[in-house]
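Participant: Sequence first, then the predicted structure, then my questions.
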Amino acid sequence: MTKVRWLGALVAAGALVVAGAGSAGADDGSGDPVRGVPRTVALDTSPASVAVSPDGRKAYVSVKDSTHGAKLKVVDTQSGAITATVTLTTGFGADAGPVAVSPDGSRVYVLFGPSRKIPLSLLGTVDTATNTLVSTTEAPDQPRPDGTNPGGLAALTVSPDGTRVFVTQNGPAAFHRPPQEGTRVLEFSARRQAYTAAVQVPGHYAGSVVVRPDGDDAYAGTDEGLTHLDTSEQTPVVAGTVPVPVGPFVGLALSPDDTRLYGVGGGKGYAVDLATDTVTATMDIAPGQRLSCLSTSADGTRLYMLVQDSSVLALDTATNTPVPGEGVTGLTYVTSMAVGPDGHTFYVTANASLQIIGF
């Protein structure tokens with residue numbers, strides 16, 4: 001199996017210099033996801049997050065405009081054209097957040113908020129056939145002290161069968177105050193277009209949530225650790241907790257063979273054996289720096305992550321060490337990064353643009 005090897009750098013005027021891009025964007029007729037064609041796509045407003053369709057042909061970018069609300073832009077990964085713009089809300093100072101695509105590509109889910117003073121509190125469902133917003137659902141209230149607001153929504157993922165969306169939520173907080181204890185994982189029914197369950201997990205700040213391929217287990221990261229959820233029944237329940245190195249902005253990713261879970265937070269990383277829910281490795285990746293947008297390579301030999309919103313780091317999963325010469329540097333004001341389903345394209349949102357990088 002060929003290992004992923006790449007080197008990218010941003011140079012003057014936003015042009016990309018990438019090694020190993022080859023025939024990016026070519027469709028070989030095999031039905032495999034296509035590669036994105038390396039380019040810079042101007043968005044004319046601040047991007048928040050990006051996700052890619054299962055066939056690799058569309059990138060969905062959530063954007064926020066201080067005067068025109070929150071939107072979802074649909075980008076053709078082959079031509080770089082913005083083919084549709086879906087308005088999520090027209091509120092002044094509206095915010096936009098993480099995006100997820102259903103496994104069949106028929107739905108896009110995006111978190112957003114109506115204004116700067118209200119954290120991300122809404123889940124939007126977009127029909128990708130018509131590029132229309134079919135529902136907007138407010139997060140259910142949570143037990144909270146007087147004078148606090150419900151915690152902001154932090155991350156989301158779609159179950160492998162596409163029937164459920166799992167959303168993490170911070171603890172309740174007063175305006176411009178840190179969250180209190182009360183992190184939750186919310187379950188949203190794709191068929192009913194409604195939240196059907198809320199499970200409290202330890203923590204103040206919520207991070208990523210992932211669901212294993214069988215759909216029966218999920219893991220949620222917070223500033224207090226890793227929680228294992230049994231999602232096999234109608235209502236998820238806490239199956240256990242895993243003591244792990246913790247920090248804010250927790251990111252999680254499953255290995256392609258579903259045997260390990262990787263996590264990063266607070267400049268540290270860890271690997272968990274999913275057969276025993278035990279930590280098998282810890283890593284001092286970038287002490288004191290923010291790590292986010294964790295992804296694994298198709299062959300499981302690499303972990304990719306954003307470091308301090310300015311570079312992409314490649315980590316060797318055999319040695320748990322950074323790989324010299326594999327990375328993207330020269331980035332500024334990066335808000336998110338996604339690995340395309342082809343395994344050879346990175347999608348990076350930064351500086352009012354979407355950077356499509358082949359590797």
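Facilitator: That came in fine, so what should we check first?
Participant: Report the contact partners of Leu43.
Facilitator: Taking Cβ atoms under 8 Å, 6 or more residues apart in numbering, we find Leu43 in contact with 61, 63, 73, 82, 349, 352-354. Quick note: C-beta positions are derived from backbone N, CA and C, even for glycine.
Participant: Look up phi and psi at it.
Facilitator: Per-residue torsions, Leu43: phi -110, psi -10 (degrees, to the nearest 10).
Participant: so what's it scoring on pLDDT?
Facilitator: We have a pLDDT of 95 for Leu43.
Participant: Check Ile118 too.
Facilitator: Looking at Ile118, its pLDDT reads 78.
Participant: One more: Val246?
Facilitator: With respect to pLDDT, Val246 scores 70.
Participant: quick one: what helix or strand has it in it?
Facilitator: According to DSSP states H and E, Val246 maps onto no helix or strand at all.
Participant: ok, it to Glu224 distance?
Facilitator: 6 Å (Cβ to Cβ, to the nearest Å).
Participant: next one: Leu306
Facilitator: Distance from Leu306 to Glu224, by Cβ to Cβ: 23 Å.
Participant: of these two, who's got more company?
Facilitator: Leu306 (27 against 18; other Cβ atoms under 10 Å).
Participant: and the helix or strand hosting the more buried one, which strands flank it?
Facilitator: Using DSSP H and E, Leu306 falls within strand 302-307. Paired neighbours of strand 302-307 in the sheet (DSSP bridges): strand 291-296 (antiparallel), strand 311-316 (antiparallel).
Participant: Just name the most buried of these.
Facilitator: Burial of those is given as mean neighbour count (mean count of other Cβ atoms under 10 Å); strand 291-296 ranks first at a mean of 23.
Participant: quick one: contacts of that strand?
Facilitator: Residues contacting strand 291-296 (Cβ under 8 Å, 6+ apart): 208, 249, 251-256, 262-267, 269, 285, 302-307, 309, 317, 336-339.
Participant: Out of those, name the ones that lie in helices.
Facilitator: Residues of these located in helices (DSSP state H): none.
Participant: From these, list just the buried residues.
Facilitator: Buried members of those, counted by 16 or more other Cβ atoms under 10 Å: 208, 249, 251-255, 262-267, 269, 285, 302-307, 309, 317, 336-339.
Participant: re the thing from before, quick one: contacts of the strand holding Leu306?
Facilitator: Here strand 302-307 has contacts from 3-4, 251, 253, 262, 264, 269, 285-286, 289-297, 312-317, 323, 326, 334, 336-337, 339, 346, using Cβ under 8 Å, 6+ apart.
Participant: on that earlier part again, possible to save the strands paired with strand 302-307 as JSON lines with distance to Ala100 and mean pLDDT?
Facilitator: JSON lines is the format used below for the strands paired with strand 302-307 (distance: least, Cβ to Cβ, whole Å; pLDDT from 0 to 100):
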{"stretch": "strand 291-296", "distance to Ala100": "13", "mean pLDDT": "94"}
{"stretch": "strand 311-316", "distance to Ala100": "20", "mean pLDDT": "93"}
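Participant: Report all helices and strands that the strand or helix carrying Val167 contacts.
Facilitator: Following DSSP H and E, one finds Val167 within strand 164-169. Under the contact definition 3 or more Cβ pairs under 8 Å, 6 or more residues apart in numbering; DSSP states H and E, strand 164-169 sits against strand 153-158, strand 184-189, strand 206-211, strand 217-222.
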